[in-house]
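Participant: mind folding the following:
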Amino acid sequence: MTDNLDDIVKGCISGDRQSQEDLYRTLSPQMYTVCLRYASDADEAGDFLQEGFITVFSRIREFRQEGSFEGWVRKIMVNTALQLLRKKRQMYILNETITADREHEVPDIQYYLDKEDLLKMIRALPVNQRMVFNLYAVEGYNHAEIADMTGIPENTSKSHLHRARLALKEMLEKSNRGESIKLRKNV
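Facilitator: This next block holds a predicted model:
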């Protein structure tokens, strides 16, 4: 941690409100981006962020200075998003599985889109696909870890990732051809 962030964390541990505000202002832009990847929309991401920071402030004494503080906060944000998604939506466990053990290659196509367009495409995925895609492709968890975190079978995690990749590939190809992409709002 930088000295300034270290001082802010120490202030938060002692319950200083100004330090809590400083920590929020320092980390909320990064953490909002993390939350946005799991949310259906900006309002839901804001809810994840708020609940995540409540957890951070209530558990800040548990930070053991092992690894980066930002990484610790990021993990809390991801876990908070997953927990709230489980409460808000019933997750459907698919009995069907797709053989997704082998990686599916994406053809070498030039895609022209900005970060915000890609984020919109990811948010357009069904909630379970979006969740598994983010945990696997962005956060770096393996399917066994995802299964443990979400309570879905490992093969279902693989199936969701496979379907998410196919859907994103289709959206990217449509975007590359100049076709408009229907981005549906997940509920």
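Participant: mind checking which helix or strand residue 169 is in?
Facilitator: For residue 169, the enclosing helix or strand under DSSP states H and E is helix 154-176.
Participant: can you pull the buried residues of stretch 168-175?
Facilitator: By neighbour count with 16 or more other CB atoms under 10 Å, stretch 168-175 contains the buried residues 168, 171, 172, 175. C-beta: built from backbone N, CA, C; applies to glycine.
Participant: what helix or strand is the closest residue in space to the first one that isn't next to it in sequence on?
Facilitator: Counting by CB to CB, 6 or more residues apart in numbering, the nearest residue to residue 168 once its immediate chain neighbours are dropped is residue 121, at 5.9 Å. Residue 121 belongs to helix 115-123 when assigned by DSSP H and E.
Participant: shaky segments in this protein?
Facilitator: Within the chain, the segments meeting pLDDT under 70 span 1-3, 89-114, 178-187.
Participant: domains in it, as residue ranges please.
Facilitator: Listed by automatic domain parsing, the domain ranges of the chain are 3-88, 92-187.
Participant: run the chain-centre distance for the first one.
Facilitator: A distance of 13 Å separates the centroid of the chain from that of domain 3-88, by CA atoms, centre = their mean, to the nearest Å.
Participant: stretch 165-179 now?
Facilitator: On CA atoms, centre = their mean, the centre of stretch 165-179 falls 21 Å from that of its chain.
Participant: pull the distance from the helix or strand just after the helix holding residue 121 to the chain's centre.
Facilitator: If you walk from helix 115-123 toward the C-terminus, the next helix or strand you reach (DSSP H and E) is helix 127-133. Put simply, helix 127-133 sits 9 Å off its chain's centre (CA atoms, centre = their mean).
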